[in-house]
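Chemist: Sequence first, predicted coordinates after that:
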Amino acid sequence: MTKSVHLAARPLLAVCTLFAALALVPAQVHARSLSEVEALGALSVCLNPDALPYSSNKPETPGFQLELAREIAKGLDLSLNVEWILPRRRANVVNCDMLLDSVNDPQLQEGRVLLSRPYQVSGVALGLSRGAAAISDYRELQRGQKVGVMVGSVASVVLGKAGKTTSPYAFQTDLIADLEKGDLYAIAVSSASMSYYIRQHPDSGLQLAYAFDSEPDLRWEVSVGLRKSDRALVDAVNGVLDRLIAEGALTGIYQRYGVEHRVP
């Protein structure tokens, strides 16, 4: 289990993953124990309605977080209620039980959520432009090869300290657009977002490299965050996750969005 991500870096990591911030839902809103969700016959999840490949309110493309939430509820013989929420908007008034892709760091999450077993390795990757040489580590980038980064991000600090040429951006969509136009040699970007873009645009010639695996602050594991719940519900969710991983069902969910399932 990855424990080495510094707490000071967490807000920036949340920006990169889009959903780690949801794990910071204020704890005063009561979630439910296993016996309570069984009595209700339902489990609830908080998701962003417009954040593919993570989640979406579009029936034809629900996103891998929603698909996973459905499988968890099904595995527990419960129905699923979805609370569509944007970070820092309605988080303090909804009563959801699950937060998908919570950073698997018990110290960070203490008092907020209980964590399931980790089910995916997430983090920041390098998106490479058409024709760029394949690399396995960001240190292989050559002088003058411009790398787009999110302004103030951990990746910008890491690349800057390594002496790489960086260009700051405010929006990830602009990063990807300029990469495809050839204005950038590479970009530091969410691995899931880059994978999904490549799947949606197979003729773009863009590539994905897990070039930050050697940097603990840019690679982390994710779990199901169960808000103020009990060990019994965590154990039940773990049982479902174990089965989904063993049977390859979770891998299949990720594949539908072009995302590699990297089992922790």
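Modeler: Right, received. Where do you want to start?

Chemist: need the helices for this protein, in chain order.
Modeler: 10-17, 34-40, 64-75, 106-109, 154-161, 172-181, 191-200, 231-246, 249-255 (DSSP state H).

Chemist: Show me what the shortest one is packed up against.
Modeler: Pointing back at helix 106-109 there. Under the contact definition 3 or more Cβ pairs under 8 Å, 6 or more residues apart in numbering; DSSP states H and E, helix 106-109 sits against no other helix or strand. Using the backbone N, CA and C atoms, a C-beta is placed for each residue, glycine as well.

Chemist: What residue spans form the domains of this protein?
Modeler: Domain assignment for the chain by automatic domain parsing gives 7-121+221-255, 123-217.

Chemist: thinking again about what came up before, closest one to Ser214 among the helices of the chain?
Modeler: helix 154-161 (9.9 Å; Cβ to Cβ).

Chemist: on contacts alone, who are the packing partners of the closest one?
Modeler: Using 3+ Cβ pairs under 8 Å, 6+ apart as the test, helix 154-161 ends up in contact with helix 10-17, strand 147-150, strand 166-169, strand 186-190.

Chemist: Could you tell me the least trusted of the ones you listed?
Modeler: Lowest mean pLDDT within the helices and strands packed on helix 154-161: helix 10-17, a mean of 41.

Chemist: Flag the shaky bits of the stretch 51-200 of the chain, pLDDT-wise.
Modeler: Residues of the stretch 51-200 of the chain that meet the criterion pLDDT under 70 lie in 87-93.

Chemist: tally of neighbours for Leu40?
Modeler: Leu40 has 14 neighbours, counted by other Cβ atoms under 10 Å.

Chemist: which residues sit in contact with the residue nearest to it when sequence neighbours are not counted?
Modeler: Excluding its sequence neighbours, the residue lying closest to Leu40 (Cβ to Cβ, 6 or more residues apart in numbering) is Arg32, at 7.1 Å. For Arg32, the contacting residues are Leu40, Asp97, Ser229, Leu233, by Cβ atoms under 8 Å, 6 or more residues apart in numbering.

Chemist: What of Leu100?
Modeler: Leu100 makes contact with Phe19, Val45, Leu47, Tyr54, Ser55, Gln65, Leu68, Ala69, Val222, Val224, Gly225 under the criterion Cβ under 8 Å, 6+ apart.
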